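Novice: My questions are about this predicted structure, shown below with the sequence.
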Amino acid sequence: GAVVSQHPSWVICKSGTSVKIECRSLDFQATTMFWYRQFPKQSLMLMATSNEGSKATYEQGVEKDKFLINHASLTLSTLTVTSAHPEDSSFYICSASGLAGGSTDTQYFGPGTRLTVL
Amino acid sequence: RKEVEQDPGPFNVPEGATVAFNCTYSNSASQSFFWYRQDCRKEPKLLMSVYSSGNEDGRFTAQLNRASQYISLLIRDSKLSDSATYLCVVNRRGITGGGNKLTFGTGTQLKVEL
């Protein structure tokens, strides 16, 4: 149980385009979803926290107009990188927490999406 | 100062060796502590939680010292498959009460060799 999927696994796009990444909790209802970003040889950095049906809370330094987060249902959150630039190239990972049979504090991670912007 | 600090390594050890990783955290309000394992180009996977009394899971032993704000992970009889990056992770409640937040260390890389 407690499986989180992400789609796509990887994406290559041209500078200036927008890219949408989906995060789904497959077998539990995720009341909270988190979006992280990881640059090479660096730690995962939390970008934003989203609760179903409400606006996401962004970490300091993360532009909310550039990284649009939607958490419209208890099983799906999306992250849209708008007008992507090469510096946005990174590994984007989502996690979900909720009533998955364990503590509601446990976060279950998706497999990540590797974004390369040319 | 980083919230969670780890020696990045790499630690190169022979198969069968015992290896220990350390981690310090700066926020005394931290409530939960974990070790995650991350393989190259993959997502992190929970290895074990860390409790004040210390806990063991097979070849892995984790310890927490709240007074010193220090966490450790010991791996005994290391296997080739243990080669990965080990992330020290700290969980604290959001300041606005908006739920838990995980803060990750940069990780310590372990390479187990024949």
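Specialist: On my side now, so go ahead.

Novice: use CA for all of it now, contacts and neighbours both
Specialist: OK.

Novice: which residue sits closest to whatever residue of chain A ends up closest to chain B, ignoring its sequence neighbours?
Specialist: Closest to chain B within chain A is A:Ser43: 4.1 Å, counting by Cα to the nearest Cα. Excluding the flanking residues, the one nearest A:Ser43 by Cα to Cα, 6 or more residues apart in numbering or on different chains is B:Thr106, at 4.1 Å.

Novice: Where does pLDDT dip in chain A?
Specialist: The model of chain A has pLDDT under 70 over residues A:1, A:99-105.

Novice: Next, A:Lys55: phi, psi?
Specialist: Main-chain torsions, A:Lys55, degrees, to the nearest 10: phi -70, psi 150.

Novice: ok, it - contacts?
Specialist: A:Ile69, A:Asn70 (Cα atoms under 8 Å, 6 or more residues apart in numbering or on different chains).

Novice: give me the number of residues near the residue of chain B found nearest chain A?
Specialist: The nearest approach of chain B to chain A comes at B:Thr106, 4.1 Å away (Cα to the nearest Cα). For B:Thr106, the count of nearby residues is 23 (other Cα atoms under 10 Å in any protein chain shown).

Novice: ok, which stretches of chain B are strands?
Specialist: Assigned by DSSP state E, chain B shows strands spanning B:4-6, B:11-14, B:19-25, B:32-38, B:44-50, B:55-57, B:60-65, B:70-75, B:84-93, B:100-104, B:108-113.

Novice: Comparing those strands by mean pLDDT, which bottoms out?
Specialist: Lowest mean pLDDT of those: strand B:100-104, a mean of 85.

Novice: Give the bridge partners for A:Ser77, please.
Specialist: Per DSSP bridges, the residues bridged to A:Ser77 are A:Cys23.

Novice: There's contact between it and A:Leu26 in this structure, I believe.
Specialist: No - A:Ser77 is beyond contact range of A:Leu26, at 12.0 Å (criterion: Cα atoms under 8 Å).

Novice: Looking at the two, which one has more neighbours?
Specialist: Between A:Ser77 and A:Leu26, counted using other Cα under 10 Å, the more crowded position is A:Ser77 (27 against 14).

Novice: Distance from the chain centre to stretch A:29-43, please.
Specialist: 6 Å (Cα atoms, centre = their mean, to the nearest Å).

Novice: ditto for stretch A:84-97
Specialist: Between the centre of stretch A:84-97 and the centre of its chain there are 7 Å (Cα atoms, centre = their mean).

Novice: what does chain B have sitting close to chain A?
Specialist: Contacts of chain B with chain A, taken as Cα under 8 Å from any Cα of the partner chain, map to B:Lys42, B:Glu43, B:Pro44, B:Lys45, B:Asn100, B:Leu102, B:Thr103, B:Phe104, B:Gly105, B:Thr106, B:Gly107.

Novice: again, only this time at 6 Å
Specialist: B:Glu43, B:Gly105, B:Thr106 (Cα under 6 Å from any Cα of the partner chain).

Novice: Contacts only, for the first one.
Specialist: Residues counted as contacts of B:Glu43 (Cα atoms under 6 Å, 6 or more residues apart in numbering or on different chains) are A:Pro111, A:Gly112.

Novice: Please, where are all the strands along chain A?
Specialist: Ranges of strands within chain A are A:4-7, A:10-13, A:19-25, A:30-38, A:45-51, A:57-58, A:67-73, A:76-81, A:90-98, A:108-109, A:113-117, based on DSSP E.

Novice: okay if I get the ones you listed as a markdown table plus distance to B:Ser68?
Specialist: As requested, the strands of chain A are exported to a markdown table (distance: least, Cα to Cα, whole Å):
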| stretch | distance to B:Ser68 |
| --- | --- |
| strand A:4-7 | 35 |
| strand A:10-13 | 41 |
| strand A:19-25 | 37 |
| strand A:30-38 | 28 |
| strand A:45-51 | 25 |
| strand A:57-58 | 31 |
| strand A:67-73 | 38 |
| strand A:76-81 | 38 |
| strand A:90-98 | 29 |
| strand A:108-109 | 29 |
| strand A:113-117 | 37 |
